[in-house]
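Enquirer: Take this sequence and fold it.
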Amino acid sequence: ILNTHVVTLNVDSEIQTITIDSGGTLTMGGHLTLSGTSGTLFTRVGTFTAGTYIVRMKSDASVTLTSGTFTGSNAFFNLILNPTITAARTYTFGSGAITIDGDFNINPSAASALALTVDMAASITVAAGKTTTVTRTSSATANLSTTASNHALTTGHIDIDAGGTLTANGSTITLTGTLG
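Expert: Prediction:
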């Protein structure tokens, strides 16, 4: 989305990758699925407004998920990583901090015991009262890793379900949810 261009996504859409240049604007009015198999799936320099919509990333490749900072008014609402993988894959977040105002779900699917590893390259904050879920469908496995750089994860709740792993290394993991 080029400088001075304003795009409002009014329907659910699937594209390979998206770049919001400086001065460009994307306002979500539908869910967005990114399925590119190379490069960076979502690059943000301009303005991104998620509203209450889902960004889903489902690349069957090892890719970089983000470039830029997704915090404050540019935060994700719900972020879902749910590819069907045909080989072991690594998703890597970019070096900009990530805020998710809704839920964060990692849930790969595979016909055999293949792993999706999701590497953090900056802090991730999921809203208080919202949930980070690391799970699988069928035979796949999922691992959320703070990496050796020990990036912080803050979330309301965390569910590590069957086939899911959180590799916290020396990171600070902060739970902000309440019981009830």
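Enquirer: Just the mean pLDDT for stretch 67-86, thanks.
Expert: Mean per-residue pLDDT for stretch 67-86: 98.
Enquirer: List the buried residues in it.
Expert: By neighbour count on 16 or more other Cβ atoms under 10 Å, the buried set for stretch 67-86 is 67-71, 74-83, 85. From N, CA and C alone the C-beta is placed, and that goes for glycine too.
Enquirer: cool, stretch 16-31 as well?
Expert: In stretch 16-31, counting by 16+ other Cβ under 10 Å, buried: 17-20, 24-26, 28, 31.
Enquirer: for the record, mean pLDDT for it?
Expert: On average, stretch 16-31 scores 97.
Enquirer: measure it end to end?
Expert: Here the two ends of stretch 16-31 are set 14 Å apart, with distance taken as Cα to Cα, to the nearest Å.
Enquirer: Quick check, central residue of the protein?
Expert: Leu79 (4.8 Å; Cα atoms, centre = their mean).
Enquirer: Residue ranges in this protein under the pLDDT threshold?
Expert: For the chain, applying pLDDT under 70 flags the ranges 179-180.
Enquirer: residue ranges for the helices of it, please.
Expert: With DSSP state H as the definition, the chain shows no helices.
Enquirer: Distance of Gly36 relative to Gly156?
Expert: Here Gly36 is placed at a distance of 30 Å from Gly156 (Cβ to Cβ, to the nearest Å).
Enquirer: Equivalent analysis for Ser95, please.
Expert: 24 Å.
Enquirer: right, and Ile100 touches Asn78 too?
Expert: Yes - between Ile100 and Asn78 there is a contact under Cβ atoms under 8 Å: 7.2 Å.
Enquirer: Specify the beta-bridge partners of the closest residue to Thr49 other than its chain neighbours.
Expert: Counting by Cβ to Cβ, 6 or more residues apart in numbering, Thr49 lies nearest to Thr27, which is 4.5 Å off, once chain neighbours are set aside. Under the criterion DSSP bridges, Thr27 forms beta bridges with Thr8, Thr49.
Enquirer: right, and Thr27 touches Leu9 too?
Expert: Yes - counting by Cβ under 8 Å, Leu9 is a contact partner of Thr27 at 7.1 Å.
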